[in-house]
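K.L.:
A predicted structure for the sequence below; I have some questions about it.
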Amino acid sequence: MSESIFLVEDDVIIASGLKYALEQAGYSVTHAKDITTAKRDTGIYDLAILDVGLPDGSGFDLIDGLRSKGVSILFLTAVDDEGNIIRAFESGADDYVTKPFRLGELIARVKAALRRRGGQAENLTLGQVTVNPAEGKAYISGIVLDVTALEYRLLLTFINNKNQVLTREQILSQIWDSAGIFVEDNTLTVYIKRLRDKLGDAMQIETVRGIGYRAIGN
């Protein structure tokens with residue numbers, strides 16, 4: 001069974017071309033032209049491609065409902081603005097592509113997002129923290145940890161490389177992928193501080209001066 005994609009895009013020409021290209025790549029695609037139509041849809045999807053600017057709202061209006069169903073999110077927009085990009089990731093998006101785009105690049109990003117979604121099956125544990133990759137959730141002593149998608153990917157990076165020193169560049173390449181060019185020098189520090197605050201004493205993330213960070217534990 002092919003992986004399913006929910007495309008929410010109001011530009012008929014873009015939607016038609018993208019739907020055709022994705023179907024040629026082997027995906028099942030359902031298209032909605034606006035927020036109203038999208039909210040009426042009851043389908044089950046692996047990934048959603050959301051246009052930020054829609055006639056009756058924004059792709060951000062759909063993200064909570066889709067995330068609650070475990071759908072991966074890719075934003076598609078003409079607005080190449082760092083504020084929107086950061087908002088997209090903090091809202092739970094897996095990736096962000098600006099128009100005009102190359103179809104090959106967009107399909108590569110779709111494949112990467114879907115690969116991350118299904119790439120890990122076993123639970124991962126460090127300290128009192130357990131990550132369930134199949135659910136895309138993290139737990140502290142059995143209680144769900146409230147993290148954004150980017151914080152989750154940061155946590156997963158640390159746990160997958162526990163007790164290893166990671167440079168800032170290595171970490172950024174894992175959590176931002178090709179969108180890393182938008183990260184300012186202090187952005188990673190901010191996200192690690194937020195993650196540390198949420199983790200408390202459940203997991204230790206050590207700063208290695210002049211190099212990067214390391215998650216310590218068994």
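P.N.:
Happy to help now that I have it.

K.L.:
for the protein, which segments count as helices?
P.N.:
Listed in chain order, the helices of the chain (DSSP state H) span 12-24, 35-40, 63-67, 82-91, 103-118, 149-160, 168-175, 187-199.

K.L.:
go through these and pick out the most buried.
P.N.:
helix 149-160 (a mean of 21; mean count of other CB atoms under 10 Å). From N, CA and C alone the C-beta is placed, and that goes for glycine too.

K.L.:
dump it to PDB, keeping only the CA atoms.
P.N.:
Below are the C-alpha coordinates for helix 149-160, written out as PDB (Å, rounded to 0.1, in the frame of the first residue of the first chain):
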ATOM      1  CA  ALA A 149       8.600  18.700  16.800                       C
ATOM      2  CA  LEU A 150      12.000  20.400  16.700                       C
ATOM      3  CA  GLU A 151      12.600  19.700  20.400                       C
ATOM      4  CA  TYR A 152      11.600  16.100  19.900                       C
ATOM      5  CA  ARG A 153      14.200  15.700  17.000                       C
ATOM      6  CA  LEU A 154      16.800  17.400  19.200                       C
ATOM      7  CA  LEU A 155      16.000  14.900  22.100                       C
ATOM      8  CA  LEU A 156      16.100  12.000  19.600                       C
ATOM      9  CA  THR A 157      19.500  13.100  18.400                       C
ATOM     10  CA  PHE A 158      21.000  13.200  21.900                       C
ATOM     11  CA  ILE A 159      19.500   9.800  22.800                       C
ATOM     12  CA  ASN A 160      20.700   8.200  19.600                       C
END
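
K.L.:
for Leu50, find the nearest of the helices of the chain.
P.N.:
Judged by CB to CB, the one of the helices of the chain that comes nearest to Leu50 is helix 63-67, at 7.1 Å.

K.L.:
middle-most residue in the protein, spatially?
P.N.:
Of all residues in the chain, the one closest to the mean position by CA atoms, centre = their mean is Asp94, 1.9 Å from it.
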